[in-house]
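Trainee: Sharing a sequence plus its predicted fold:
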Amino acid sequence: MPVPRIAKEDQTPRRLLRDVVFDKMLAAIGDGTLELGERLNDDELVTWLGVSRTPVREAMAKLADYGLVDIEANRYTRVIKPTLAEAADTLLTAAEFLGLVAERAIQVMSDDQADAFVAQADEVLAAFDRHDADFGIRLGALLDALTTATDSPALQRMSETLTARAALITRITQEANEWAEGRLVPEKLRDAVASRDPQAAWAVVPGPEFLTRWSERVSGLDLFSA
Amino acid sequence: MPVPVPAATPAPRRLLRDVVFDKMLAAIGDGTLELGERLNDDELVTWLGVSRTPVREAIAKLADYGLVDIEANRYTRVINPTIDEFADTTRTAFGVWGLVAARGIPLLTDAQAKTFATTLAKVGRAADGTLKQGSIAGFAAALDILVEASGSTSLARLVQTVSDRAVLLFGLASEKVTFSVAAALVPALTDAGAARDGEAGFRAFREAIAGMGDYVGKVGEAGIFLPSAQ
């Protein structure tokens, strides 16, 4: 029997093992399999993930660069346990970066792209108003679409390093989510793109009073270190 | 003889991969490793005198920061950017540095403000207001002061992901083309720092972005980077 040949267009580029491990560990931190502050042991991870030590170590180095794992040479490696202030700081920086992404996207989007984005944003807002459980996933897809629309490899690279941590913090603080306030980001993005005004993109950056209110609600969850 | 006790607390141990990262970054910056050059693990191990693991970890980080291209099972090589990629990286860096200015400048302590001013003055003096290779690093050092003043670890991480690549590319471009944008940017940042006006610092970078087309055109003509893909 001839070995079936894979059509050329079906071949996706080989993924590096470290990236596969990185995604698994990221998901495990996100869903609580690995807890905040938990010490990470190479041998346990090797057994759990079924890969050799090298990709595990490479993935941990990358997690450390992305601010998801703390490595202290010759002492410990552990999942981050941010303070409330650090968590708020991450969200602020993510919002400011989003302003940068939105500004650039609006400058380069064609009218068709802009219309498609507005339609997608409207769907996200509708899902939001129904309090759909998959709201977060839809919002994530919307932000990805915006990043792709910039056509900027530099912004796309940075987005990856920043959003993993911001998404993690958003996910673990979901209980403290205020629907009315969470709606503001997709709403302002939608309006900025609809108006084709790059300057309007900066409206997605929340004022200090927003972060104060967020911090008050989240401190009740007892998630972060003092 | 008693073992001398260091006066200050010792610096935290640096990870070997970070040391290797810095060395390789410097080697790309000074041309020891050329743009587009293939990287061979064994050669790097011999050259740097460390084992394979930190070398691989450093290369992985260089790839994440857009300084090395890795194609699994095919090659690992130093990036060889096009002029479009140069424009994109430098523009993105200016955007992020603008955020740094907005957050860091209002929080500068008096001591930090003084260092910021003297660091920028050195950059400005380097060549009648136009950045030459050596002063690019000085400019990055001035921005590091603002990052520190902001007290934001997430901002520090964000800056790191673009600054190394931007400083490298600006450095390579500055061997042939003077960075004319700096003539207005450096004094504007100096004034913003003195007035602790974060908004003015932010605006200075926006204006620099707006005025960059001419500069990018000259860098393109100099043939430092690959021509545009189109």
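Mentor: It's in.
Trainee: What's the separation between the closest residue to residue A:33 other than its chain neighbours and residue A:171?
Mentor: Counting by CB to CB, 6 or more residues apart in numbering or on different chains, the nearest residue to residue A:33 once its immediate chain neighbours are dropped is residue A:27, at 7.9 Å. In short, each C-beta sits where N, CA and C put it, glycine included. With distances taken as CB to CB, to the nearest Å, residue A:27 is found 10 Å from residue A:171.
Trainee: re earlier: so how many other residues sit close to the residue nearest to residue A:33?
Mentor: Per other CB atoms under 10 Å in any protein chain shown, the neighbour tally for residue A:27 reads 11.
Trainee: Identify each buried residue in the host helix or strand of it, please.
Mentor: Secondary structure here is read from DSSP states H and E; on that basis residue A:27 sits in helix A:17-30. Counting neighbours by 16 or more other CB atoms under 10 Å in any protein chain shown, one finds that the buried residues in helix A:17-30 are A:17, A:18, A:21, A:22, A:24, A:25, A:26, A:28, A:29, A:30.
Trainee: Pick out whichever of these sits closest to chain B.
Mentor: Looking at those and their distance to chain B, the nearest is residue A:18, at 6.4 Å (CB to the nearest CB).
Trainee: wait, what's in contact with that closest one?
Mentor: Taking CB atoms under 8 Å, 6 or more residues apart in numbering or on different chains, we find residue A:18 in contact with A:54, A:55, A:58, A:59, A:62, B:60.
Trainee: Tell me, how many residues neighbour residue 63?
Mentor: All of this is about chain A. Other residues within reach of residue A:63 by the criterion other CB under 10 Å amount to 24.
Trainee: wait, chain B
Mentor: The tally of other residues near residue B:63 (other CB under 10 Å) stands at 17.
Trainee: same thing with residue A:162?
Mentor: By other CB under 10 Å, the residues close to residue A:162 number 23.
Trainee: swap in the one 5 residues further on?
Mentor: The tally of other residues near residue A:167 (other CB under 10 Å) stands at 17.
Trainee: On the pLDDT front, check the nearest residue to it once chain neighbours are set aside for me.
Mentor: With CB to CB, 6+ apart as the measure, residue A:140 is the residue that lies nearest to residue A:167, at 6.8 Å, once sequence neighbours are left out. Residue A:140 carries a pLDDT value of 89.
Trainee: try residue A:78
Mentor: Looking at residue A:78, its pLDDT is 95.
Trainee: hang on, it in a strand?
Mentor: Yes: looking at residue A:78 with DSSP: H, G, I helix; E, B strand; the rest coil, it is inside a strand.
Trainee: Correct me if wrong: residue A:164 contacts residue A:26.
Mentor: Yes: with contact defined as CB atoms under 8 Å, residue A:164 reaches residue A:26; the gap is 6.0 Å.
Trainee: Determine the residues that are contacts of both of those two.
Mentor: Between them, residue A:164 and residue A:26 share the contacting residues residue A:68, judged by CB under 8 Å, 6+ apart.
Trainee: Kindly tell me how buried residue A:33 is, as a neighbour count.
Mentor: Should you count by other CB under 10 Å, residue A:33 turns out to have 12 residues around it.
Trainee: er, residue A:223 I mean
Mentor: What residue A:223 shows, counting by other CB under 10 Å, is a neighbour count of 17.
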